[in-house]
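**Student:** Sequence plus the predicted model coming up.
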Amino acid sequence: KAGVTQTPRYLIKTRGQQVTLSCSPISGHRSVSWYQQTPGQGLQFLFEYFSETQRNKGNFPGRFSGRQFSNSRSEMNVSTLELGDSALYLCASSLVAGESHEQYFGPGTRLTVT
Amino acid sequence: GNSVTQMEGPVTLSEEAFLTINCTYTATGYPSLFWYVQYPGEGLQLLLKATKADDKGSNKGFEATYRKETTSFHLEKGSVQVSDSAVYFCALSSAGTYKYIFGTGTRLKVLA
């Protein structure tokens, strides 16, 4: 079974631009979560989607948004990019919602903002 | 709010040494606890998990026991290998929150 895939793997953008990252979960997984990983802040939760509904959101500005499609694929968008948005963005999928279910992570998208 | 605290790294060990990485948590109720590992240039991989008090998770020689009384989930391995060099993350997930909270990660370096 294929793992979680994320595209693109690397991205370089300029301040003020916007970016869209894509995540395809493991087949059959309906919950998709996004995290931002930086050396200074570690792994921070962005949001979680299940059946196209956002059920939880982390403490990030409104410039960060996401959505989930009917096939469970998910996208996240960052508008008006800032230098501090440079990070590894990780997507994780889970079979169902629930605290006991492990998440499976993709390789991440490395975003560099110049 | 919920939180996870991990020991500071990096941890440097010789091959075949005993490993302990401390993890303590703060949470209401009974969260599920996880250890993930991240190798350079990769995403996180689930190493082991425990969903209730006194559960022991184990995988690839690593183990951790869910201790409710001390709110801890320390990772241990009896004999580390060079290939275990990576960053290890402790995490928790609480009912109804639909999110995981991760510790800051502990970098392990194993020398041959």
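**Tutor:** Great, that's in hand.

**Student:** How much space separates the residue nearest the centre of chain A from chain B?
**Tutor:** Nearest to the geometric centre of chain A sits A:Trp34, at 3.1 Å (Cα atoms, centre = their mean). Per Cβ to the nearest Cβ, to the nearest Å, A:Trp34 is found 10 Å from chain B. (C-beta placed from N, C-alpha, C; glycine too.)

**Student:** quick one: strands adjacent to the helix or strand bottoming out on mean pLDDT in chain B?
**Tutor:** Least confident element among the helices and strands of chain B, by mean pLDDT, DSSP states H and E: strand B:100-102 (a mean of 92). As defined by DSSP bridges, the strand partners of strand B:100-102 come to strand B:86-93 (antiparallel).

**Student:** Convert the C-alpha atoms of the partner strand to CSV, please.
**Tutor:** Provided in CSV are the C-alpha atoms of strand B:86-93 (Å, rounded to 0.1, in the frame of the first residue of the first chain):
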residue,chain,number,x,y,z
ALA,B,86,17.9,9.9,14.4
VAL,B,87,15.6,12.4,16.1
TYR,B,88,13.0,10.9,18.5
PHE,B,89,9.7,12.6,19.3
CYS,B,90,7.3,11.8,22.1
ALA,B,91,3.7,12.7,21.4
LEU,B,92,0.3,12.5,22.9
SER,B,93,-3.3,12.7,21.6
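
**Student:** Up against chain B, what does chain A have?
**Tutor:** A:4, A:31, A:33, A:35, A:42-43, A:45, A:48, A:50, A:55-56, A:58, A:90, A:92, A:97-100, A:102-108 (Cβ under 8 Å from any Cβ of the partner chain).

**Student:** Those residues in strands, which ones?
**Tutor:** Under the assignment DSSP state E, those contribute A:31, A:33, A:35, A:42-43, A:45, A:48, A:50, A:55-56, A:90, A:92, A:104-105 to strands.

**Student:** so which of those residues comes closest to B:Gln45?
**Tutor:** Among these, A:Phe105 lies closest to B:Gln45 (Cβ to Cβ), at 7.1 Å.

**Student:** quick one: the closest one and A:Cys91 touch, right?
**Tutor:** Yes - using Cβ atoms under 8 Å, A:Phe105 is in contact with A:Cys91, at 7.2 Å.

**Student:** Which pLDDT value goes with the spatially closest residue to A:Arg63 that is not a sequence neighbour?
**Tutor:** Nearest residue to A:Arg63, sequence neighbours excluded (Cβ to Cβ, 6 or more residues apart in numbering or on different chains): A:Ser79, at 4.8 Å. Looking at A:Ser79, its pLDDT is 96.
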